[in-house]
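[1] sequence first, predicted model second:
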Amino acid sequence: MLRGNIASSFIQLLVDWLAEQGEQPQAWLGISQPPAGELSRIDVNDWQSMLQRVSSGLGKPELGLLIGSRFGLREAGLLGYMASCCATMAEACLRLSQFEHLVYNVNPLKIVTDASHVTLQWGVDNGRPGPLVDECAIAGLVAFCKSLGGDQVTPDYVCFVNSAPVDVQPYERFFGCTVEFHQALSIIRYPMAAMASPIATANATLREALDHKARSLLVRLPTQGEPVPGLYRALQDAIAAGTPALESVAERLLTSGRSLQRSLQGAGTGFQKELDKVRLALAQQHLKEGSATVQEIAWMLAYNDHSAFVHAFRRMTGMPPQAWRSQDTSVFQST
């Protein structure tokens, strides 16, 4: 049994494709429409069964490519919104690595860079979903990247962990590069030049405004309560960059993760406690201003998803974010 889930927007693409073929989605999938909602999910095992049923029944071995090729900004939902605000494809890929599971939560994505390439790779830690699921997801990501940066954002190498199909030409035509199979990892490799491609919908004003709001709050934090000098600014900068991990924050303080952890323990606190503290202060500021949705705030604070933010906020304040909006309190004022 596989572990994981995918966004219901993938199912909507399959429903629409079946309708275009003159088929009844209910007869093939057991549903006429996928569950509604930004965070609606379907178990990857159910998705695998749906794809296999339609592929076999209609004689479409390349079904994964057909459905994945339709995946764009609208289907990506919140992730599409986040990526479209980025300045370059490289920045969008960083967001993708952090929030991939908003649309595909099976095997985790790892991004590897060198002087000439950016490589996106997936292992089989949570199982092997099979060719149709993998091909749909990877074709969807390639289509998504093109919708952001244009046709110049084309990979120069793609490979899959699965066995080769009878005919590889449809794959090479779609991806526009060499495609290999039966590899240790599934990979999409982009030339570094493609990752430098600008995103036409980049919203620098929005990014600057959000950064300004966060930084203005940070300036007001009482530095005399800082367990490590410069910690609050380093935490805020790491949150804004989408990488609020121990090592990332330590680098901003010109130290190691181990040394930072020791310093925090010596001050009677810990990294997660201080990260929560800064995140809560930033969340409260955004909620007071009232212009951002809870989902947008979750993104701005680099939470993995909307529910993780709501859970953390409730744990720290005793109430969900929406209920707190009318409150006038701050963690840094009350401690």
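    Alright, I've got the coordinates. Everything quoted here is computed from the prediction, not taken from an experiment. Numbering: from 1, shown residues only.

[2] doesn't residue 64 make contact with residue 135?
    Yes. Look at residue 135 against residue 64 with Cβ atoms under 8 Å: they come within range, at 3.1 Å. C-beta: built from backbone N, CA, C; applies to glycine.

[3] so for these two, which sits in the more crowded spot?
    For residue 135 versus residue 64, neighbours defined as other Cβ atoms under 10 Å are more numerous around residue 135 (28 against 23).

[4] look at that one and tell me its secondary structure.
    Look at residue 135: counting by DSSP: H, G, I helix; E, B strand; the rest coil, its state is helix.

[5] need the pLDDT of it.
    As predicted, residue 135 sits at a pLDDT of 97.

[6] got the contact list for it?
    Residue 135 makes contact with 62, 64-65, 68, 160, 171, according to Cβ atoms under 8 Å, 6 or more residues apart in numbering.

[7] just the ones of these in helices?
    Judged by DSSP state H, those include 64-65, 68, 171 as members of helices.

[8] farthest-separated two in these?
    68 and 171 (11.2 Å; Cβ to Cβ).

[9] for the stretch 101-250 of the chain, just list every one of the strands.
    104-105, 109-113, 117-122, 157-159, 178-180, 186-191 (DSSP state E, counting those that start in this stretch).

[10] next, format these as CSV and append distance to residue 324, mean pLDDT and mean neighbour count.
    Output for the strands of the stretch 101-250 of the chain, formatted as CSV (distance: least, Cβ to Cβ, whole Å; pLDDT from 0 to 100; neighbours: other Cβ atoms under 10 Å):
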stretch, distance to residue 324, mean pLDDT, mean neighbour count
strand 104-105, 28, 84, 22
strand 109-113, 33, 89, 14
strand 117-122, 37, 94, 20
strand 157-159, 45, 98, 20
strand 178-180, 50, 97, 16
strand 186-191, 40, 97, 21
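
[11] dump these into a markdown table; add distance to residue 261 as well.
    What follows is the strands of the stretch 101-250 of the chain, written out as a markdown table (distance: least, Cβ to Cβ, whole Å):
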| stretch | distance to residue 261 |
| --- | --- |
| strand 104-105 | 29 |
| strand 109-113 | 24 |
| strand 117-122 | 29 |
| strand 157-159 | 38 |
| strand 178-180 | 42 |
| strand 186-191 | 34 |
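
[12] nearest to residue 303, of those strands?
    strand 104-105 (14.4 Å).

[13] quick one: contacts of the closest one?
    Counting by Cβ under 8 Å, 6+ apart, 4-7, 41, 137, 140 sit against strand 104-105.

[14] stretch 170-180 too?
    62, 65, 69, 135, 139, 142, 154-160, 165, 168.

[15] start and end of stretch 29-42, how far apart?
    This stretch, stretch 29-42, spans 12 Å end to end (Cα to Cα, to the nearest Å).

[16] may I see the buried residues of it?
    For stretch 29-42, burial by neighbour count (16 or more other Cβ atoms under 10 Å) applies to 29, 34, 41-42.

[17] ok, stretch 73-87 next?
    Those would be 75-86, for stretch 73-87 by 16+ other Cβ under 10 Å.

[18] what of stretch 270-290?
    By 16+ other Cβ under 10 Å, the buried positions in stretch 270-290 come out as 271, 274-288.

[19] of these, which is the nearest to residue 196?
    residue 282 (30.0 Å).

[20] what's whichever strand or helix holds that closest one packed up against?
    Taking DSSP states H and E as the definition, residue 282 sits inside helix 271-289. For helix 271-289, the contact count by 3 or more Cβ pairs under 8 Å, 6 or more residues apart in numbering; DSSP states H and E identifies helix 204-219, helix 231-240, helix 246-252, helix 257-266, helix 294-300, helix 306-317, helix 321-324, helix 331-334 as packing neighbours.

[21] which SS state does the most centrally placed residue in the chain fall under?
    With distances taken as Cα atoms, centre = their mean, residue 99 lies nearest the centre of the chain, 1.7 Å away. With three-state DSSP as the basis, residue 99 sits in helix.

[22] any idea how far it lies from residue 261?
    Using Cβ to Cβ, to the nearest Å, residue 99 is found at 26 Å from residue 261.

[23] which among the contacts of residue 135 gets closest to residue 322?
    residue 68 (35.0 Å).
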